[in-house]
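A.B. asks: Provide a 3D model corresponding to the input given below.
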Amino acid sequence: MSDAAALRFRPFEVISKVRESAIITSFYLAPLDGSHWRPFEAGQFLTLRVPDRNGGHALRNYTVSSSPQQAGIYRITVKREPAPSSDVPGGLSSCWLHDEVETGTVIELDLPRGGFKLDTASTRPVVLLSGGVGLTPMVSMLDVLVRQSDRPVWFIHACDSAEVHALRDEVEALAIARTGINVHFCYRITENPAIARCHSTGFLSRATLQGLLPLDDYEVYMCGPPPFMQALYAILTGLGVHRERIAYEFFGPASLLSAEGETAVHKTLPTSPQSSGNGDDVQIILEKSRRSFAWDGTSDSILAFLEARGIEPTFSCRAGVCGTCAQGLISGEVDYFEDPLDEITADRVLICCSRPKSSITLDL
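C.D. replies: Presented below is the predicted three-dimensional model:
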């Protein structure tokens, strides 16, 4: 990371460390300088600098799980990832946070970013669907929906058992704050049915969702482990939920959710249909592929535009943090709607957080 990028990080103190379940803990972070706190939207994440095993630092992203109305602090809720075997170390940042970070520890972080955000202008009913620690953005979104809308909401969460279920009390308190909030918890394992307090067991199935959700034009927000999301994406589309109504957060290849390799990644839910472009406007030219496309102006990024046309560039964070999506920029100019975390040379472009300012040619 460059010196300029390092300057973007600000010191935050851990003012509280709260165990939420057997494997999940929340960390409440307050800036040493109050002016460094910035508002965020439900679903966005923070980038933390954590010590690596070689004396340097690594970057890790954690969703803000607190309410956007709670000014002055951020809460991240982290699952401890133990070593899967004696030959493989545990999760670098999660083990550091759980095992070494205590109240009073100062952590450096970059301010909230990310495009997985609740569409607060919509009036459609909402399904918040999560697996494991993937509930963190959903709790923040639920808070906004309860306080700022009258939209019907279904909060559906799956995890292994009551022992590992985090933030349950908070979700239940929000659910009774107004009418129209429906909650369903599914536990894969039920050791003691008398105290499980879940609504179903096993895996979330097509039959379960079909029984829960009346026929309607839902917007679905989904987050969880890749196998969970792949299974639920197939169930939802099989039930007739339109792909463009499903938004989700993950770090990985664009074809993750579809066995057929479809590219259906949405940072945000679209509010208007895409136009076809007339060929006379801004062009995106792929030098190596010898292909050219008319920019239609409705995709949220160059990456999303290419994905919609069956092209799958490499990416990871989709928020200008990791640099994975960087491509050679042979000609043309772009605008960044999310500032890259690190400096980008003039002959490179992060396609996940930029749009073309003129016709551009990519080394792709």
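
A.B. asks: which parts of the stretch 51-200 of the chain are helices?
C.D. replies: In the stretch 51-200 of the chain, the helices defined using DSSP state H, counting those that start in this stretch lie at 92-99, 135-148, 168-175, 193-196.

A.B. asks: in the second one, what's buried?
C.D. replies: Buried residues in helix 135-148, counting neighbours by 16 or more other CB atoms under 10 Å, are found at L135, T136, P137, M138, V139, S140, M141, L142, D143, V144, L145, V146. C-beta: built from backbone N, CA, C; applies to glycine.

A.B. asks: for T47, phi and psi?
C.D. replies: Phi and psi for T47, reported as degrees, to the nearest 10, are phi -110, psi 120.

A.B. asks: quick check: the gap between it and T63.
C.D. replies: Distance, T47 to T63, using CB to CB, to the nearest Å: 11 Å.

A.B. asks: the two: who's more crowded?
C.D. replies: With neighbours defined as other CB atoms under 10 Å, T47 and T63 compare such that T63 has more, 27 against 23.

A.B. asks: correct me if wrong: that one contacts V78.
C.D. replies: No: using CB atoms under 8 Å, T63 is not in contact with V78; the gap is 9.7 Å.

A.B. asks: just the C-alphas of stretch 213-228, formatted as PDB.
C.D. replies: Output in PDB follows, covering the C-alpha atoms of stretch 213-228 (Å, rounded to 0.1, in the frame of the first residue of the first chain):
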ATOM      1  CA  LEU A 213     -43.800 -15.300   1.200                       C
ATOM      2  CA  PRO A 214     -47.200 -14.300  -0.300                       C
ATOM      3  CA  LEU A 215     -47.100 -13.800  -4.100                       C
ATOM      4  CA  ASP A 216     -45.700 -10.300  -4.500                       C
ATOM      5  CA  ASP A 217     -43.000  -8.200  -6.300                       C
ATOM      6  CA  TYR A 218     -40.300  -8.400  -3.700                       C
ATOM      7  CA  GLU A 219     -36.900  -6.900  -3.500                       C
ATOM      8  CA  VAL A 220     -34.500  -9.400  -2.000                       C
ATOM      9  CA  TYR A 221     -31.200  -8.600  -0.300                       C
ATOM     10  CA  MET A 222     -29.000 -11.600   0.400                       C
ATOM     11  CA  CYS A 223     -25.700 -12.200   2.200                       C
ATOM     12  CA  GLY A 224     -24.100 -15.400   3.500                       C
ATOM     13  CA  PRO A 225     -21.600 -18.100   2.700                       C
ATOM     14  CA  PRO A 226     -21.200 -18.900  -1.100                       C
ATOM     15  CA  PRO A 227     -23.000 -22.300  -1.000                       C
ATOM     16  CA  PHE A 228     -25.900 -20.800   0.900                       C
END
